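In: only the shape, not the letters, is given here:
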């Protein structure tokens, strides 16, 4: 059986990951929410949440700090370039995620 001394002092990284905080770029009453299905289909997406106060018909304000973001996405992948690509795509989609009146 392996001994305690066989355990590496430092773990090795097999995957990389980041948490993307979703920013809201709109102020008004939500009439449509875009890109949620597309985000879940990205190669490195392993989880996401849009907070309960961000549904069609809800009044929203533009994100001004971390306490006013609208959700999160967890990206994990063995290839750092895949994560960077997906991160950039999500950042672009945030700008058009909410249609408001």
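Out: Cool, got the structure. Predicted, not measured: the structure shown is a model, and the values here were computed from it.
In: for the residue lying closest to residue 55 once chain neighbours are set aside, what are its contacts?
Out: In space, and not counting its chain neighbours, residue 55 is closest to residue 30: 6.7 Å by Cβ to Cβ, 6 or more residues apart in numbering. C-betas here are computed from N, CA, C, even on glycine. Shown in contact with residue 30 (Cβ atoms under 8 Å, 6 or more residues apart in numbering): 54-60, 98-100.
In: where does the chain dip in pLDDT?
Out: 1 (pLDDT under 70).
In: show me where it has its strands.
Out: Under the criterion DSSP state E, strands of the chain are mapped to 16-22, 28-33, 45-50, 59-60, 71-77, 98-100.
In: what lines up beside the shortest one in the sheet?
Out: Which is strand 59-60. Strand 59-60 has the following sheet partners, assigned by DSSP bridges: strand 28-33 (antiparallel).
In: among the contacts of residue 30, which one has the most neighbours?
Out: Neighbour counts for the contacts of residue 30, by other Cβ atoms under 10 Å, peak at residue 98, which reaches 24 neighbours.
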